[in-house]
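[1] Next input, structure requested:
(chains A and B, ligands or ions: 2)
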Amino acid sequence: MNALSIRNLKKTYNNGFEALKGIDLEVQAGDFFALLGPNGAGKSTTIGIISSLVNESSGSVSIFGHDLKAERSLAKSCLGLVPQEVNFNQFDTVKSIVFNQAGYYGTPRKLALQRTEHCLKQMDLWDKRDTVSRRLSGGMKRRVMIARAMVHAPKLLILDEPTAGVDIEIRRSMWKMMQEVNQQGTTIILTTHYLEEAESLCRNIAIIDQGRIVENTDMASLLARLHVDHFVLDLAEPLAHAPVISGYQIQRIADKVLDVAVPKEIGLNYLFSQLSAQNINVVSLKNKSNRLEQLFLNLIDTKPAGNS
Amino acid sequence: MNYSIAYRTIVTKEIFRFIRIWPQTLLPPAITTALYFLIFGKLIGDRVGAINGVTYMEYIVPGIILMSVISHSYANVVSSFYSTKFQRNIEELLVAPVPNWVILSGYVSGGIIRGLLVGTVVALISLLFADIEVKNPYITLSVMLLTATLFSLAGFINAVLAESFDDISIIPNFVLTPLSYLGGVFFSVKMLPTIWQSISLGNPILYMINAFRYGLIGVTDVDIQLAFMMTGGLILILTLVSLFLLHKGIGIKN
Ligand SMILES: Nc1ncnc2c1ncn2[C@@H]1O[C@H](COP(=O)(O)OP(=O)(O)O)[C@@H](O)[C@H]1O
Ligand SMILES: [Mg+2]
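    Ligands and ions are numbered 1, 2, ... in the order given. Predicted coordinates:
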């Protein structure tokens, strides 16, 4: 069964900007799915349409088999949304934000109280339940939104850049929480612009760029394609020309700095033995590539716009 | 699907909102109207003498009560829904399976409750100044309820269309207050020159104030049936407009 299926979804905003140019997407029930793309690619627009916050221009969305137009209430009941920006009333307490959301989904009071407690504990916020939400830290506010999204026990949880702007430690703990929720059977769709995040969490991935899906595959086969790493080498003595070593592309960036493209199947050992043989001493080395950037470049190289 | 829980959640949230900020929402009308009764009713009223067969104090009590109902039901919905929209927590309702008519009923009910509560507070204060025996409780209560409903709806539409905090104060200041004063809170339209009498008859608030005055003290300048029809008709129109705006997602969806 598909948790989500999107057909030929298009969106043109009122100012004439075409944010989505025909998106097709399927996400299996139980999946942990990444929707990856640079800023402005159309991730939030797509999610906005799925969650009824944005009107689509054309196309269809169904959630667990319920068409969003024809069976709106059923479709909505299956979905929990964690939006990109904080959108709760900052003067309300943590508990009332989550509890009221349960009410909007029609949860009876007693069950709503139980669910609220459960979700707040799961998000490590139970101690903060009576705090006015304005006083929470950024990471806590995100967790309030996750608890709110889960209070009606949705089958599909969508998180729009849940870890943007939170520090590493909190990011890790949020990853762990999301993994637990997924293991308990909830399908998760996550948008992000960090490949690393998608890589450590998700099984399947779609990449969106300029309103089109440019790639839709499983994580393992995508990563296998990222076979070249770039390294920057700092040298002990200046060089006049870049050395030539077969198998590697080497560029001289400055007198004492080289940029080396290293295919994964060859590795680094051969490079260093050849550099030693040529009496070039390396002082230090750092991994240069932004893998996501490289990934986009690769995709855009192979799939020119208008051809997806 | 049963939407009564969602409805109750919205209404409860609305009630807590205005109670939490009671120094802004419940206290001011008590003070202002007490001053009205004291200054206009007592100090000036004693010199004005009788009007349409009742004392001036008795004459102005219904208008002042209804004016408070109008401004508070309107203010409640316009400020609550506008800030919900502004802080984007309207999205909490939009993602949930809550139909538009439930959202509208919830906010309008909040406005009605605030309007009636303030109306009751003002009525109690008026008892300190005037000795009023309600002539027709059914008319009194139904006019109060219909008026609160109508102005809650109007506040809702204002909030949906507003794009800034300025936009939510223009109508109350430049339309509602003048129309209430000109709607005969402090005078009988029969005291006006003929031309102004005819113009006043285009002011819907005049009908509500007079119908309410009729319910309370049995005095009116207008036909009661016409007043009910007009209020009911306006409620119907504003309900349809509100539902249309919500359906189109105007001001709340892209
Ligand atoms: N309300 C709007 N009106 C006009 N353009 C918009 C609106 N919202 C978003 N956009 C544009 O649509 C594109 C996609 O935005 P968005 O979906 O938010 O991207 P992402 O979430 O991937 O960063 C961007 O170019 C953005 O500027
Ligand atoms: Mg976004």
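
[2] Helices along the stretch 1-150 of chain B, start to end?
    B:4-20, B:22-25, B:27-36, B:45-48, B:56-86, B:90-95, B:100-126, B:137-161 (DSSP state H, counting those that start in this stretch).

[3] and the strand or helix carrying B:I209 with helix B:100-126, angle?
    With elements taken from DSSP states H and E, the one containing B:I209 is helix B:204-217. If you take axes from the mean of the first three to the mean of the last three CA atoms, to 10 degrees, helix B:204-217 sits at 50 degrees to helix B:100-126.

[4] Which element is encountered next along the chain beyond helix B:204-217?
    helix B:224-248.

[5] just the angle between that next one and helix B:137-161, please?
    Using the same axes, to 10 degrees: helix B:224-248 against helix B:137-161 is 30 degrees.

[6] rewinding a little: the helix holding B:I209 vs helix B:56-86, what angle?
    130 degrees.

[7] Spell out which parts of the stretch 1-150 of chain A neighbour chain B.
    A:13-14, A:48, A:51-55, A:72-74, A:76-77, A:79, A:81, A:83, A:85, A:87-90, A:96, A:100-101, A:103-109, A:148 (CB under 8 Å from any CB of the partner chain). Glycine gets a C-beta too; all of them are placed from N, C-alpha and C.

[8] redo that, cut-off 6 Å
    Neighbours of chain B within the stretch 1-150 of chain A, by CB under 6 Å from any CB of the partner chain: A:51-55, A:73, A:76-77, A:81, A:87-89, A:100-101, A:103-106.

[9] What is the neighbour count of the residue of chain B found nearest chain A?
    Chain A sits closest to B:T9 of chain B, with a gap of 3.0 Å, by CB to the nearest CB. Counted with other CB atoms under 10 Å in any protein chain shown, residues neighbouring B:T9 total 26.

[10] contacting residues around it?
    A:N100, A:G103, A:Y104 (CB atoms under 6 Å, 6 or more residues apart in numbering or on different chains).

[11] can you tell me which of the residues you listed are in strands?
    Counting by DSSP state E, the contacts of B:T9 place none of their members in strands.

[12] From the residues of the stretch 1-150 of chain A next to chain B, list the buried ones, please.
    A:51-54, A:76-77, A:81, A:87-89, A:100-101, A:103-106 (16 or more other CB atoms under 10 Å in any protein chain shown).

[13] Over in chain B, which residue gets nearest ligand 1? Let me know.
    B:N254 (4.4 Å; CB to the nearest ligand atom).

[14] Can you tell me the number of residues neighbouring that residue?
    13.

[15] Next one: it relative to B:Q87, how far apart?
    Distance from B:N254 to B:Q87, counting by CB to CB, to the nearest Å: 17 Å.

[16] related to what we said a few turns ago, give me the local confidence score for the closest residue in space to the residue of chain B closest to ligand 1 that isn't next to it in sequence.
    In space, and not counting its chain neighbours, B:N254 is closest to A:V54: 4.8 Å by CB to CB, 6 or more residues apart in numbering or on different chains. Looking at A:V54, its pLDDT reads 95.

[17] any idea how far A:V54 is from A:L9?
    For A:V54, the distance to A:L9 - CB to CB - is 11 Å.

[18] same deal with A:F32?
    A:F32 is 22 Å from A:L9, by CB to CB.

[19] and the residue positioned nearest the centre of chain A, what is it in contact with?
    In chain A, the C-alpha nearest the mean C-alpha coordinate belongs to A:T192, at 2.4 Å (CA atoms, centre = their mean). By CB under 6 Å, 6+ apart, the contact set of A:T192 is A:E161, A:A198.

[20] ok so, going back, quick one: which of the buried ones among the residues of the stretch 1-150 of chain A next to chain B is nearest A:G40?
    For these, the residue nearest A:G40 by CB to CB is A:V54; the value is 15.0 Å.

[21] would you say the closest one is within a helix?
    No: looking at A:V54 with DSSP: H, G, I helix; E, B strand; the rest coil, it is coil, so not inside a helix.

[22] Nearest residue to A:A3 in space, ignoring adjacent ones along the chain?
    Nearest to A:A3 is A:T187, by CB to CB, 6+ apart, at 4.0 Å.

[23] and that neighbour, bridged to which residues?
    Beta-bridge partners of A:T187, counted by DSSP bridges, are A:L156.

[24] Ligand 2 versus that one, what's the distance?
    Using CB to the ion, to the nearest Å, A:T187 is found at 20 Å from ligand 2.

[25] State the helix or strand in which the residue in the stretch 51-200 of chain A that ligand 2 sits nearest to lies.
    Residue nearest to ligand 2 within the stretch 51-200 of chain A: A:Q84 (4.8 Å; CB to the ion). Assigned by DSSP H and E, A:Q84 belongs to neither a helix nor a strand.

[26] Can you tell me the number of residues neighbouring it?
    Using other CB under 10 Å, A:Q84 is surrounded by 16 other residues.

[27] Retrieve the pLDDT associated with it.
    93.

[28] for B:A50, same thing?
    86.

[29] now it, nearest residue through space, not along the chain?
    B:Y56 (7.3 Å).

[30] Which residues of chain A lie near ligand 1?
    Residues of chain A lying close to ligand 1 (CB under 6 Å from any ligand atom) are A:Y13, A:N15, A:F17, A:A19, A:G37, A:N39, A:G40, A:A41, A:G42, A:K43, A:S44, A:T45.

[31] any idea how far A:L271 is from the last one?
    Put plainly, it is A:T45. When A:T45 is compared with A:L271 (using CB to CB), they lie 44 Å apart.

[32] next one: B:A148
    80 Å.

[33] Neighbour count: these two, which is higher?
    Taking neighbours as other CB under 10 Å, B:A148 and A:L271 compare with B:A148 leading, 28 against 21.

[34] What segments of chain A are helices?
    A:43-50, A:72-77, A:94-104, A:109-122, A:138-150, A:168-183, A:195-201, A:219-224, A:269-277, A:291-302 (DSSP state H).

[35] how about those helices in JSON lines, adding mean pLDDT and distance to B:T220?
    Formatted as JSON lines, the helices of chain A follow (pLDDT from 0 to 100; distance: least, CB to CB, whole Å):
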{"stretch": "helix A:43-50", "mean pLDDT": "97", "distance to B:T220": "53"}
{"stretch": "helix A:72-77", "mean pLDDT": "95", "distance to B:T220": "47"}
{"stretch": "helix A:94-104", "mean pLDDT": "97", "distance to B:T220": "43"}
{"stretch": "helix A:109-122", "mean pLDDT": "96", "distance to B:T220": "46"}
{"stretch": "helix A:138-150", "mean pLDDT": "94", "distance to B:T220": "51"}
{"stretch": "helix A:168-183", "mean pLDDT": "90", "distance to B:T220": "64"}
{"stretch": "helix A:195-201", "mean pLDDT": "86", "distance to B:T220": "70"}
{"stretch": "helix A:219-224", "mean pLDDT": "80", "distance to B:T220": "76"}
{"stretch": "helix A:269-277", "mean pLDDT": "91", "distance to B:T220": "98"}
{"stretch": "helix A:291-302", "mean pLDDT": "64", "distance to B:T220": "74"}
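
[36] Nearest to A:I63 among these would be which one?
    Going by CB to CB, the one of those nearest A:I63 is helix A:72-77, 4.4 Å.

[37] Alright, I will stop here.
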